[in-house]
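Visitor: structural data only, the sequence is not supplied:
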Ligand code: OAD
């Protein structure tokens, strides 16, 4: 995973076009949705880069890197234990539910999320890849076992696998590759999609940020939903400014009056 912004947004960002976007989505047979932290903002999960984003308070290189974990696994685990505790209190919002409804309605659909909070699954999304892993899975640094784990707390930090080695969060850290199968599924879906819906991501972190461009090159119509402009905004076919929990239900068929 790497954080870079190489594409400048042209000035002529489109802010209208909600009706056309909704019509494209209704007519689509194959949709890829790409989500980021903004989709969970209205559930109370902090984003990474906003004014109150997590990376304002914590330096990523201190916490979300293999080197940080090797240096101080207890510190890294304290941060993840705190994140697990705060996310456990959050519930899916109308945006997560709208994406689950699209999943249920379409013949071909994939949700590629960069989020590790598990809220899409709680909302009922089924055809999904978690590109950056999950807060709710552990991976053993010794034997490699991967385990689901929703415990509210751990008896000791850092926690240990029964084999004796340390568990780490099954999350992609800076400098690490994304899970290959998830990434392949996401790029295959991008090449097949009629419509790509990009929701609540700053579109800065690659390779996830490349998915809409791949889809667009293969002919897809790209819809962005974000209250703020991003490097994708000028390239998307339509960029809708607003909150995901308001605009997504409108886009998938309910509350069309909310569309710009
Ligand atoms: P960011 O925090 O970079 O971006 C969140 C985006 O959500 C911003 O563009 C906001 O404008 C937008 N946003 C905020 N509130 C919103 C709302 N109510 N509705 C819609 N959008 C809203 O988060 P990501 O793009 O997800 O990786 O960041 C990508 C990756 O960087 C994360 O997955 C994380 C981080 O390093 C890992 O932790 C592995």
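Guide: Ah, there it is. Owing to the predicted nature of the structure, the values given are computational and were not obtained by experimental measurement.
Visitor: residue 203 against residue 228, yeah?
Guide: No - taking C-beta atoms under 8 Å as the definition, residue 203 is not a contact partner of residue 228, at 10.5 Å. (Each C-beta comes from the backbone N, C-alpha and C, glycine too.)
Visitor: who has more neighbours out of the two?
Guide: residue 203 (26 against 10; other C-beta atoms under 10 Å).
Visitor: where does this protein dip in pLDDT?
Guide: 1-15, 51-52, 54-56, 254-260 (pLDDT under 70).
Visitor: quick check, central residue of it?
Guide: By C-alpha atoms, centre = their mean, the mean C-alpha position of the chain lies nearest to residue 114, the distance being 2.7 Å.
Visitor: excluding sequence neighbours, find me the nearest residue to residue 148.
Guide: Distance criterion C-beta to C-beta, 6 or more residues apart in numbering; nearest residue to residue 148, sequence neighbours excluded, is residue 137 at 5.8 Å.
Visitor: kindly apply the preceding question to residue 61 instead.
Guide: Counting by C-beta to C-beta, 6+ apart, the residue nearest residue 61 is residue 68, at 6.6 Å.
Visitor: does the one you found count as helix, strand or coil?
Guide: Here residue 68 is recorded as helix under DSSP: H, G, I helix; E, B strand; the rest coil.
Visitor: run a quick neighbour tally on it.
Guide: A count of nearby residues for residue 68, using other C-beta under 10 Å, gives 19.
Visitor: next: the one 3 residues further on.
Guide: Each residue near residue 71 was counted by other C-beta under 10 Å, and the total is 11.
Visitor: how about the contacts made by it?
Guide: Residues in contact with residue 71 (C-beta atoms under 8 Å, 6 or more residues apart in numbering): none are found.
Visitor: what do you get for the one 3 residues further on?
Guide: Taking C-beta under 8 Å, 6+ apart as the definition of contact, the neighbours of residue 74 are 157, 158.
Visitor: the residue nearest to the centre of the chain and the ligand, how far apart?
Guide: Going from residue 114 to the ligand by C-beta to the nearest ligand atom, to the nearest Å gives 4 Å.
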